[in-house]
Each structure stands twice: as structure tokens, then as C-alpha cells.
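Undergrad: Next one to model:
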Amino acid sequence: MSNLLSNIISIENISALAHSENLSFDDEERISILRSMRSIDVQACPGSGKTTLIAAKLILLANKWPLSGQGICVLSHTNVAKNEIIERLKKSKIIEAQRLLSYPHFIGTIQEFVNKFLALPIIRQSGKNVQFLEGDDGYKEVLYSGEKLQSLYLSLFRKCGGKGKPWPINKDIYDQIMKFLGSLFWLNSEQDIAFYGAFGSLNTYKNDTTKKVFPMLKSLKESIEKGGKYQYRDMFVFARQLLIQNKRISSSVQNRFPLVFIDEMQDTQAHQDEILCEIFPLDSSEIIVQRFGDPDQAIFHGSGSEEPNISFNGKSKEEMDFVVDKSHRFNAELAAKIKPLSYNCIPLETELSGKTLDMRLHAHSKTGVFEHSVIVFNDDTRNSVIQAFGDIVSEQFSEEYKCSSNFNVKALGAVGNEIDREEEQLKIGHYWDDYEKSKAKNNFKENSLIEAVRYCRQLSSSDFSESYKLLFNCILKLLWLAKCFDEEGRRYTKTSLRDSLIADDNFTSFRKTIYLLLSDVKPLNQKYWLKVCEILTAVFDLESLSKEASQYLDYYEEPLANVVQQKEKEHEVKENKALIPLPENKIKHPDGFDIHLSTIHGVKGETHDATLVMETKYRSYDIGELLNHIAGLDQTRIKQKTKMKFTRQLYVAASRPRHLLCLAIHEDRILKGQREAMEKLGWCFNDLSNDDNDE
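TA: Sure thing, here's the model as predicted:
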């Protein structure tokens, strides 16, 4: 196989592709990666065009793939990355690229690969129809049905300190139970299958309460799995079981996929990496495995109760086969400010030509230069930081570009969860009182259908497809609560519900109802809501509703406090030209552009025009801990665990903008020498003194 693939890609092939796709592969590093036909690890810096590089290599291979019945396997950590690769192949002018979208090739997430080729086949042998549980909500839905499950859950609720009826449940106890239950999975060994979870091995339990609770959690999970309901995490355990039982599986998969690409390798967790390394060994002479990622951006490193991979993230830049350290995102000045935060000490550089940079400045800058700034605040001026950042943005960007729909400005912090006023903390909410992590689009959880409709109406018109998707999911939830199932007695999916509506000639009426709900032409008063409910119950033939379904469909007034508060804020804005709070943790600047608030984890993979990184505290203050590195006073590689976490987070945050980077730090945590060193590096300082705040 290696002989057939060696030298399959020539420099002439690369030049022809670059010309056809309007790409540039002038540097030796990228050309070597494109031509390489051996197992390699590639570290690619932010904005280096990693996905473009992978897609280009796939197109080159598709055009000359010599193996019949054998394919290329392309794995990513997320659906976003997978879809980006697929879209690039679909849009390619090279028609042969379409071949990679079907058999014998595979493009998907690591989870999809493990499900399809390993886990689901072994589960379905037992005759089960697998249903995946979507996090805590998935478990909660299961617990609503079945006397045995309710009984087990009630007992567990009591053990965790709950009193009264389990529904509605005390939130703290519910979160505790879900945390325990959600972290439990089956661990296979050659001898037996043991139960394992967040507490560690059952044999090592020393706490009496844990010993009592654990068997109940085990029994509860067993009851759930008997109905074919599983977590996504469980699939890796079943995959392990298959590999133990059938030693030939790995060889079969390797024969099917002699060439493997793994994208976003830095986010791959240890249990995922172990399975992949067993199926696709890195030292095999029979297959080629090429892994792409950036250990400097491994901010999901050991997230939750899972361990991070070390086979890739543990490598230094010297141990990587290739390092792509030139970025298309930012200029040399901004690259120099981000570079000190590279954990692997990558010599980050720009690959933008002078002509491109001049065009960018002419189109986007008001003054012809972007001044990267440090906003220095104290306890009294902390709530002025975002306003100061907005004003810096307003002063530096051109009027035309600020008003464009492409203008993207974000303010970030590492810690965004709920504030405990009794503790010494610094979180995003300390800078902006209205910030709530749960308000982010990905975190929104409705308690009723009308709450979801109100939420959707507050979103911008550009989010229409997302709003439609959200309300469609809400309808699916309503049908489940109403015990309305498909012809085979199963819960409706998006596909089966759509097919059923079309078959009954109700799809047009259903879509019209959704569009009316999303439109703000009709006010959401009680009279209008009753009409909506009549249409929905007629479309789905819901003669009688369960208590849960009825409550979910009920009309609820919007809390008066929210309405009054919003009007007061709008009045304040008109009077003082202040920032305007918007839904989804957005803020409207008086000049018309939005500032989005987010955690650093929430923006990974994004590109902004301007980014503010606000100091937060996890055990210690993140920016304060790294100021010596940012100022160039300490160039040693960071080894302490917490600082290692900080540098990866701040590297991700600081590398988001293409034009303007700002930092916010408390005056107590920046020394005179650090400030002087940063000024020499080109940082501008904006001091928010008490006098400025009083004016």
C-alpha cells in the first residue's frame, strides 16, 4: 500500500490545484505536508489555514486515489470541523473531490466513527434499538417514565438529602445526582466488565455515603440501559469490548482505511485517543496516520472527569514532524504580542503580504493603525471596562466597516459561571451585571414553549434558521410530554415528524404556525396564544394532554420586572449614550455595533475584528500570572499546571482578532516594570481612574 501511495502527489499537482482553487502553497513546510505519505503529527498555529491544508490534500488524493474498495478516513473532534471539510470538498472545482463523500471513504467525527464501525454493531446484536441521551435533560426525560426508575430515583434523591416530592426537585441535589449519573460508564477489561465513574473504582470507596449511593446509581443506570438508552461516552466502552472479543477487527478496519487524517487532535480525550491508537497504530507499516492540531490551543485539556490525550498534546515543537507557524489572520505586530503565550514556544509569524495589509488598513481602519491596548481598572471602575473597550473600537475602526454586518467584536473571560458574592472572585459577570452564561445561544433551556418563542423573537433576523430549529425541537419535546409517538411507538425525530406531517398533509400548516410564532407581527398575548395552541393540538391530534404537556403549553406572562427593567435601560441609553443590553449576552454600542460577551471556550475556532480579554480568577488571576511572559520579562517554558491552563486559554483568546487586541487588568496586579516593558513592545495603556469615572 505504501508503495502505491508514495510520491502520489507531485509539486506540479500542488501548483495546478493552487491555480484552480485560488490557493497559495509557496512555503516549503506546507508543500512538504501535502506531499508526505507517512504517519506524521502537525502543529498548526491559529489562522494557519489548517482546514484548507487538509481539504487540499484530500482533493489531491481524490484525483489520483489508486485503491479500489479501500478508502480514506477523515476524523474530527466536532461537527463544525467535519462540515467545514465536507463543504470545501463540495465546492471544489475538481469534480473528483466528490468521490470522498461516499463509499469506500468516510468523513465524520470520532464519535460517529466509533458508533458506526465498532459500538453500534455489537449493541444491536442483542436486539436493542439504541437511543442516545442528550446530557442531563436526556436522563431527566427517562426518569419521568417507568415506576421502577422513579422508585430508584426517589431513593437516590433521599440519599442525596432531598426532602418532600422529587418533582419539582431541589436544583442543587438534582445537579449533584446528574453529575454522578452522567459520569458513570461501563469499563471493560479482559476478565470482566466493572462499573466505574467519577468516584473511581468501587473497590476503592472509603466514604460510607458514597458506598450507599453508588450501588443505587449503578442499578439506575442498568435499568436505563436495558431500554437501549446510552450516553455517547458509553460507545467507546462497547468499542473496547469489541476489540477485546475480536482481535481481527483492527486489521479489518485498517484494511478498509489505509490512510487516516485526524483533525483537531488537541481536543481529543484520552479514552478517544486510546481507541484510535489501537485501531490505527502510529507505528504501523501497513497504514498512514496523519494528525493535525495545536497543543497550544488545548483548552478542553482534561475537561470534565475525562483525561486529556498525551500522545499529541504532550509533544514539544521539536517532537512534532511539522510546525506551521505562519498565520494568515494577523500582522507581525499582533503576532509578536500573541507569541509569548504559546506554551510550545512557537515562533508565530504573519504570512500576510504588505499589499494585503495595506488593503486591510485602508478598508477597516480609521487612523491607518490599530493600537493594541491594556485597560487598567480598579474596584470602582471595573464596570467601565467594556464601555472603554467599545470606545477604543469606535475610535479605531472606519465608520463604514463598523456598520457592516461582518463586523465582529467580542469581550472574553475564562470564567463565566454564576457569581458567589460571599467568595473572592473575578468573573465575566463582575464586568457586566447582565451577563449570564446560561443566556448564551448554546446554553438556552426553555421551561415552556412560550418562553422559547419569546427568546427566538429577541434574536436577530439573521438567526432565523437557528430559531426555527429551536422551535422544531420544542415541538418534539411537547409531543414526547404528550405521549404522542410515531407509528412504531417510538419518539418522533426531526425526520420522522416531518415525514408524518407530509403524509397527513399537515406540513404546510405546521410550517406556517412556526413562521407566525417567529414573526413579531402578532403580539404574544393570551388570546393569540390560545389560537396557536388550538392549531398545534389540531395538527397533532392531541385530544387530551398530560399534566407535563399542558404545563409546557400553558400561557405565561412575561415577568413584569423584565419589561420594566428593559424600558429603564433603554431610557438610560437615550439620556447618557450608554451601552444597551441585548439578548444572548450582546451589548449595543451607541455607534451601532454589537459587543458579544463570551467565555474563551465559547469562541474557540472563531475569528474577530476586535477582541477584549478580561482578567478573571480561577484559584489565581490569569492575566496577572502571565504578565511577565506577555511583557517579555520571562521567556521560559511554563511548567506549573494552573499557569499552563492559563497560557493555553489566553493564547486562544488573544489569537482570535485579525485587527485589534485589548487586555483588561486590575491596577494592583501590574507592576511598574511590567508596564514599562509592555509599552516598549508597543502596548498602549488606558487607565480608568476614579476621576475619569466621575466625569
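Undergrad: Number of residues surrounding the closest residue to G624 other than its chain neighbours?
TA: Spatial nearest neighbour of G624, chain neighbours left out: R669 (3.6 Å); criterion: CB to CB, 6 or more residues apart in numbering. No exception for glycine: its C-beta is placed from N, CA and C like everyone else's. Neighbourhood size, R669 [other CB atoms under 10 Å]: 15.
Undergrad: tell me the pLDDT at R669?
TA: Per-residue confidence (pLDDT) for R669: 95.
Undergrad: One more: E451?
TA: Confidence score, pLDDT, at E451: 86.
Undergrad: picking that back up, shouldn't the residue nearest to G624 be in contact with S620?
TA: No - with contact defined as CB atoms under 8 Å, R669 does not reach S620; the gap is 9.8 Å.
Undergrad: what's the helix or strand for A664?
TA: For A664, the element it lies in under DSSP states H and E is strand 657-666.
Undergrad: quick check, distance from the very next helix or strand once past that strand to the centre of its chain.
TA: With elements assigned by DSSP H and E, the helix or strand that comes after strand 657-666 is helix 672-680. Averaging C-alpha positions (CA atoms, centre = their mean, to the nearest Å) puts helix 672-680 35 Å from its chain's average.
Undergrad: Pairing partners for whichever helix or strand comes after helix 672-680, with directions?
TA: Counting by DSSP H and E, the next helix or strand C-terminal to helix 672-680 is strand 684-687. Here strand 684-687 has these sheet partners by DSSP bridges: strand 373-377 (parallel).
Undergrad: What mean pLDDT does the helix or strand that the partner strand is followed by get?
TA: Counting by DSSP H and E, the next helix or strand C-terminal to strand 373-377 is helix 385-396. Averaged over helix 385-396, pLDDT sits at 96.
Undergrad: could I get helix 385-396 in PDB with only the CA atoms?
TA: Output of helix 385-396 as PDB, limited to C-alpha atoms (Å, rounded to 0.1, in the frame of the first residue of the first chain):
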ATOM      1  CA  VAL A 385     -14.100  48.300  31.200                       C
ATOM      2  CA  ILE A 386     -16.500  47.200  28.400                       C
ATOM      3  CA  GLN A 387     -17.600  50.800  27.700                       C
ATOM      4  CA  ALA A 388     -13.900  51.800  27.400                       C
ATOM      5  CA  PHE A 389     -13.200  48.900  25.100                       C
ATOM      6  CA  GLY A 390     -16.200  49.800  22.900                       C
ATOM      7  CA  ASP A 391     -14.900  53.400  22.700                       C
ATOM      8  CA  ILE A 392     -11.400  52.200  21.700                       C
ATOM      9  CA  VAL A 393     -13.000  50.100  18.900                       C
ATOM     10  CA  SER A 394     -15.200  53.000  17.800                       C
ATOM     11  CA  GLU A 395     -12.200  55.300  17.600                       C
ATOM     12  CA  GLN A 396     -10.000  53.000  15.600                       C
END
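Undergrad: contact partners of that helix?
TA: Helix 385-396 is contacted by residues 365-367, 370-371, 373, 375, 377, 402, 409, 411, 431-432, 578-579, 587, 589, 591, 593, 595, 597, 610, 612, 614, 660, 662, 664, 686, 688 when judged by CB atoms under 8 Å, 6 or more residues apart in numbering.
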